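[1] I'd like to go over a predicted model; first the sequence, then the structure.
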Amino acid sequence: MVKKKRILYPVFFMVVLTAVFTFVLAFINASSIDLIKAQEALQIQKSILYVFNIPFESQDLSIQKTFDEHVTTQTLNERTYYVYKLDQELQGYAFQFSGRGLWGTITGNIAISPEFDTILGINFISHSETPGLGGRIDESWFKEQFRNMSIKTEPPVIFKPAEGGSADAVTGATLTSNSVRDMVNQFVTDLKSIEKEVNLNE
């Protein structure tokens, strides 16, 4: 009987220990969900402010305050988009876009002028591109090329030195650069179909 208890004790101990660790992990996970969601929302707000070229400070509360002062969130046919007004005057719209990169999905935001004829700015909020190569799409020099880019003629994004080139690709990251180019050009094409609906939704 004593021998049997000695055998069962380690088993009982491991069961209790496993249960405790499971409870602790579940508690930590549940506690962090709201924090993760808040950080994700903050990243989107920062991205929207960037594409609209709205200055903001890096503190979390400042970002949220600036966003709330200038930007409203709208929904159209289950598509979320953002409206920027300054002194009640419409400055532009921002949308999310996504597509296939070299190693996974690239997701970003793009802002368009009220006339739907100019890209105000783009930003990337998630991707799996190679650091130092395709990952350089996050660098300011690359993103700023799209600032105030005309989309009156298609395709708007043509990489130099091709005729009519409007931007430089990332050196050594041809596939990633081409993916971004194709995503933006496709978004501009698709934008024409929702322009009237967005204007009517205002």
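    All right, it came through fine. From a predicted model like this one, the values you see are computed outputs, not experimental measurements.

[2] rest of the way, CA atoms for contacts and neighbours
    OK.

[3] after the one helix or strand Ile33 maps to comes which helix or strand?
    Using DSSP states H and E, the element containing Ile33 is helix 2-51. Toward the C-terminal end, the helix or strand that comes next after helix 2-51 (DSSP H and E) is helix 60-70.

[4] Can you give me the buried ones in that next one?
    Within helix 60-70, the residues that qualify as buried by neighbour count (16 or more other Cα atoms under 10 Å) are Ile63, Gln64, Thr66, Phe67, His70.

[5] Let me see the confidence value for the fourth one.
    According to the predicted model, the pLDDT of Phe67 comes to 96.

[6] what separates it from Arg100, distance-wise?
    29 Å (Cα to Cα, to the nearest Å).

[7] can you check the third one too?
    From Thr66 across to Arg100, the span is 32 Å (Cα to Cα).

[8] which residue is nearest the middle of the protein?
    Most central in the chain under Cα atoms, centre = their mean is Ile125, positioned 3.0 Å from the mean C-alpha point.

[9] check contacts around that one.
    Gln43, Ile44, Ser47, Ile106, Thr107, Gly108, Asn109 (Cα atoms under 8 Å, 6 or more residues apart in numbering).

[10] Assess the claim that the fourth one and Gly134 are in contact.
    Okay, so that is Ile106. No - using Cα atoms under 8 Å, Ile106 is not in contact with Gly134, being 10.8 Å away.

[11] List just the nearest of the contacts of Ile125 to Asp117.
    Nearest to Asp117 among the contacts of Ile125 is Asn109, at 16.5 Å by Cα to Cα.
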